[in-house]
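*Asks:* Generate coordinates for the sequence data below:
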Amino acid sequence: MSITILVKDNAPYVVQGEFKLVDAQGNEIPIKKAALCRCGGSMTKPFCDGTHSKIGFQGAIAAVEQSENKP
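*Replies:* You can find the predicted model right below:
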């Protein structure tokens with residue numbers, strides 16, 4: 001089983017391939033979509049609901065670049 005996790009700029013983690021998602025107690029979480037929230041604002045965690053675009057989420061690379069460019 002090969003899984004690829006695509007890290008898109010300022011967007012969710014997109015999981016490609018078959019995978020199982022489990023919580024801290026080992027219970028399987030039904031997969032609704034293969035896009036996992038990075039911004040923390042999704043109302044359907046751990047899945048992305050598009051909130052990142054509404055709140056202006058910036059991934060770590062963009063955030064670091066922006067802070068380095070400030071005077």
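
*Asks:* From I3, how far out is K54?
*Replies:* 28 Å (Cβ to Cβ, to the nearest Å). C-beta: built from backbone N, CA, C; applies to glycine.

*Asks:* Could you do F57 as well?
*Replies:* Taking Cβ to Cβ, one finds F57 at 24 Å from I3.

*Asks:* now S53
*Replies:* S53 is 25 Å from I3, by Cβ to Cβ.

*Asks:* For the chain, just list every one of the helices.
*Replies:* 51-55, 60-68 (DSSP state H).

*Asks:* Lowest average pLDDT across those?
*Replies:* With a mean of 66, helix 60-68 has the lowest mean pLDDT of those.

*Asks:* Which residues are in contact with F47?
*Replies:* The neighbours of F47, taking Cβ atoms under 8 Å, 6 or more residues apart in numbering as the test, are 32-33, 35-37.

*Asks:* One more pass at 6 Å, please.
*Replies:* Residues in contact with F47, defined by Cβ atoms under 6 Å, 6 or more residues apart in numbering, are 32-33.

*Asks:* Would you mind telling me which of F57 and I3 has the busier surroundings?
*Replies:* Neighbour count, other Cβ atoms under 10 Å: between F57 and I3, F57 has more, with 18 against 10.
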